[in-house]
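>>> sharing a sequence plus its predicted fold:
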Amino acid sequence: MSSLQSLRLAHLHHSHTKGATTRHSLMRTSLSAVPVIDIRGLEGASRFSTISDIGKACREKGYFQVANHNIPSSTLYGALHVASAFFDSETDEKQRLMSDDITKPVRFHMIKEMVIGEEKIQRLFLKHYAHPLEEWIHMWPSEPLEYRNNMGTYSVEVRKLALQVMEAIMESLGLGRGYLKNQMHDGFQVMALHAYPLCEHTNPCPSFGIAPHSDYSIITIVLQSSPGLEELDPKTNTWELLPHRYDSLCVHVGNYLEVISNGLYKSAVHQVSSNRDSDRVSIASLHSLSIDEQVCVADKLITECTPKGYKDSNLRDFLRFLPINKGQHLQCNDYIDTLKIK
Ligand SMILES: O=C(O)CCC(=O)C(=O)O
Ligand SMILES: [Fe+2]
């Protein structure tokens, strides 16, 4: 495939609206403010300065883009292509995987809204567990035919990158390279795929992609087919539109990294605005410890001046928390707020 421009979701040209009241109408800052980490710097003599740059980005922003990772463009495009093809297809697979049960390891969901008495698709969503791959891949969509192969290849590659980044993050916190290494190797990976239809409304577009939220992960790595992801800059309280480069990936500090770091690295609050120029597909890969493994504040980061700020918790606690909070979309920092020791 030569270009992501061909990633069109032709039949999804529905408008998607959500109450403008939920939208954070904050100013956007310039594109250049999003930190970019050249991940090759982790090899060799520049490791120390790269780790320090990663630490600064996590502390000051909670997000950064990764350049020069080893994931081939063909793997990125291949994953976006099958994601798009799945959302675009009319197969029974969607029906088979459709569910409101958020505890299912593989789940397809359609978020619809009433717009002037008419039901419109706001967003399509497919979630699947991804690690260990052999355990889950047979449950993934079997159509399009290349889905499992392309998405499987990407999930393995992005996990390697996530492990490399998490190791560097632990080092940046002064916890050492081996901190939680085995637990992260045995950890959990879930992929959340989204398709956002084109917004048909004229400016200002009243519709909304995903409301502001933070992720239930240590880190999340997002791949997007076109711009739309916006990050809340905690210092300026403004939204930054993530610049779109075809082969760059965005890393978010997730709720569990906020816990481990005792609040030194805060969860990235992000949202997706509606698309006025094109349909959009994204693949978020969420990485955390295994489902029953307790995540605790690192002992080394608990001091007299910085007492333990978060309760111990695990992913299963989060899954239990979701249904009582309507299950679909957490707003901002709903979950992490329940873990804070006040
Ligand atoms: O569509 C995106 O870029 C972001 C998706 C997201 O925030 C998520 O899956 O948690
Ligand atoms: Fe997210």
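All right, it came through fine. Ligands and ions are numbered 1, 2, ... in the order given.
>>> confirm Leu223 sits in a helix?
No. Checked against DSSP: H, G, I helix; E, B strand; the rest coil, Leu223 lies outside a helix; its state is strand.
>>> isn't it right up against Tyr246?
No. If you go by CB atoms under 8 Å, Leu223 and Tyr246 don't touch, sitting 9.9 Å apart. For the C-beta atoms, the positions are set from N, CA and C on the backbone; glycine is no exception.
>>> residues from this protein in reach of ligand 1?
Proximity of the chain to ligand 1 (CB under 6 Å from any ligand atom) is limited to residues Ala192, His194, Ile210, Asp215, Val222, Gln224, Leu229, His270, Val272, Ser282, Ala284.
>>> so who does whatever residue of the stretch 51-200 of the chain ends up closest to ligand 1 touch?
Residue of the stretch 51-200 of the chain nearest ligand 1, by CB to the nearest ligand atom: Ala192 (3.7 Å). Contacts for Ala192 (CB atoms under 8 Å, 6 or more residues apart in numbering) come out as Phe125, Leu126, Lys127, Ile283, Ala284, Ser285, Leu286.
>>> quick check, the fourth one in a strand?
What that stands for is Ile283. Yes. Checked against three-state DSSP, Ile283 lies within a strand.
>>> okay, now the nearest residue to it once chain neighbours are set aside: neighbour count?
Distances taken as CB to CB, 6 or more residues apart in numbering place Leu223 nearest to Ile283, at 4.7 Å, with adjacent residues excluded. Neighbour count for Leu223, taken as other CB atoms under 10 Å: 25.
>>> please apply the same query to the one 3 residues further on.
Using other CB under 10 Å, the number of residues around Ser226 comes to 19.
>>> does it really touch Asp277, like I thought?
Yes. When contacts are counted by CB under 8 Å, Ser226 is listed as touching Asp277 (7.2 Å).
>>> could I get the contacts of Ala192 as CSV with pLDDT and neighbour count?
Output for the contacts of Ala192, formatted as CSV (pLDDT from 0 to 100; neighbours: other CB atoms under 10 Å):
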residue, pLDDT, neighbour count
Phe125, 93, 17
Leu126, 97, 24
Lys127, 96, 21
Ile283, 98, 24
Ala284, 98, 22
Ser285, 98, 26
Leu286, 98, 24
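>>> and those residues, which two are furthest apart?
Using CB to CB, the two most remote members of these are Phe125 and Ser285, lying 14.6 Å apart.
>>> so Ile210, which of the three states?
Using three-state DSSP, the structure places Ile210 in strand.
>>> what about it, distance to Leu173?
To Leu173, Ile210 is 29 Å away according to CB to CB, to the nearest Å.
>>> quick one, which of these two is more surrounded?
Ranked by neighbour count (other CB under 10 Å), Ile210 and Leu173 place Ile210 first, with 24 against 21.
>>> excluding its backbone neighbours, what's nearest the more buried one?
Val272 (4.3 Å).
>>> now the residue sitting furthest away from the middle of the chain: how far from ligand 1?
Most distant residue from the mean C-alpha position of the chain: Glu304, 34.0 Å away (CA atoms, centre = their mean). Per CB to the nearest ligand atom, to the nearest Å, Glu304 is found 36 Å from ligand 1.
>>> quick one: what helix or strand has that residue in it?
Secondary structure assignment for Glu304, by DSSP states H and E: no helix or strand.
>>> residues in contact with it?
Contacts of Glu304 (CB under 8 Å, 6+ apart): none.
>>> in this structure, which helix has the most residues?
In the chain, assigned by DSSP state H, the helix with the most residues is helix 147-172.
>>> that one: which residues count as buried?
For helix 147-172, the neighbour count (16 or more other CB atoms under 10 Å) marks 147-148, 150-155, 157-159, 161-172 as buried.
>>> repeat for stretch 95-103
Buried-residue list, stretch 95-103, by 16+ other CB under 10 Å: Leu97.
>>> what pLDDT, on average, does it get?
Averaging pLDDT along stretch 95-103 gives 89.
>>> hang on, isn't Glu293 packed against Gln183?
Yes. If you go by CB under 8 Å, Glu293 and Gln183 touch, sitting 5.7 Å apart.
>>> neighbour count winner among the two?
More neighbours surround Glu293 than the other of Glu293 and Gln183, with 18 against 15 (other CB under 10 Å).
>>> who's in contact with the more buried one?
Taking CB under 8 Å, 6+ apart as the test, what Glu293 contacts is Gln183, Gly187, Asn314, Leu315.
>>> select only the buried ones of these in ChimeraX?
To isolate the buried members of the contacts of Glu293 in ChimeraX, using 16+ other CB under 10 Å:
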select :187,314,315
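>>> which one of the contacts of Glu293 is nearest to Ile54?
The shortest approach to Ile54 among the contacts of Glu293 belongs to Gly187, at 18.9 Å (CB to CB).
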